[in-house]
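Colleague: My questions concern the predicted model and sequence given below.
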Amino acid sequence: MSCIGYTKTLDLAAGQLVRLDDAKGTTLRVTRGTLWVTQDQDVNDVVLSAGDVWTVERGGLTLAEAQDHAFVCLVGPGAAPAQVVARRRRQRTWQHRWLHRLLGAFDLKRIERRFVPYY
């Protein structure tokens, strides 16, 4: 799909974030993939799939994360200064290490199987 009339286009890898500062009125159009969007001071998040169009409703910080390979078109006041932030790999690595430490605390070889007769 083309983005005719849009100011900026972004080709995002899975996990990449788009930072939109004071972008109220900026329209996002997802042409490929899935995008998760959260706004400052808003408890409701938005998930956009290919073909969805959505407009930022609040000022302040808005973050959009690609859930998979996504292509996004932007138009409006926050489109030009929109910046792609590094991938979210650090959190996954941290979570991965935490899980291994947690599971490492349970030494499965030390646990003995015991026979318990039924009465």
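Modeller: It's in.

Colleague: List the residues that contact the most centrally placed residue in the chain.
Modeller: The residue at the geometric middle of the chain, judged as the C-alpha nearest the mean C-alpha position with Cα atoms, centre = their mean, is E65 (3.0 Å). With contact set as Cβ atoms under 8 Å, 6 or more residues apart in numbering, E65 has these partners: 15-18, 35-37, 88. C-betas here are computed from N, CA, C, even on glycine.

Colleague: who wins for neighbours among those?
Modeller: L35 (26 neighbours; other Cβ atoms under 10 Å).

Colleague: if we can go back for a sec, could you report the distance from the residue nearest to the centre of the chain to L102?
Modeller: Shown here: E65 relative to L102, a distance of 26 Å by Cβ to Cβ, to the nearest Å.

Colleague: Please save the CA atoms from the helix or strand harbouring the residue nearest to the centre of the chain in CSV.
Modeller: Element membership for E65, per DSSP states H and E: strand 61-66. Coordinates of each C-alpha in strand 61-66 appear next as CSV, following Å, rounded to 0.1, in the frame of the first residue of the first chain:
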residue,chain,number,x,y,z
LEU,A,61,4.4,11.5,24.9
THR,A,62,3.0,8.8,22.6
LEU,A,63,4.9,5.6,22.0
ALA,A,64,4.2,3.1,19.3
GLU,A,65,5.8,-0.3,19.2
ALA,A,66,5.9,-2.7,16.2
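
Colleague: any idea how far that strand is from the chain center?
Modeller: What separates the centre of strand 61-66 from the centre of its chain is 7 Å, taken as Cα atoms, centre = their mean, to the nearest Å.

Colleague: Direction included, what does that strand pair against?
Modeller: Next to strand 61-66 in the sheet, as set by DSSP bridges, lie strand 17-21 (antiparallel), strand 34-39 (antiparallel).

Colleague: you'd agree L102 is in a strand?
Modeller: No: the assignment for L102, made by DSSP: H, G, I helix; E, B strand; the rest coil, is helix rather than a strand.
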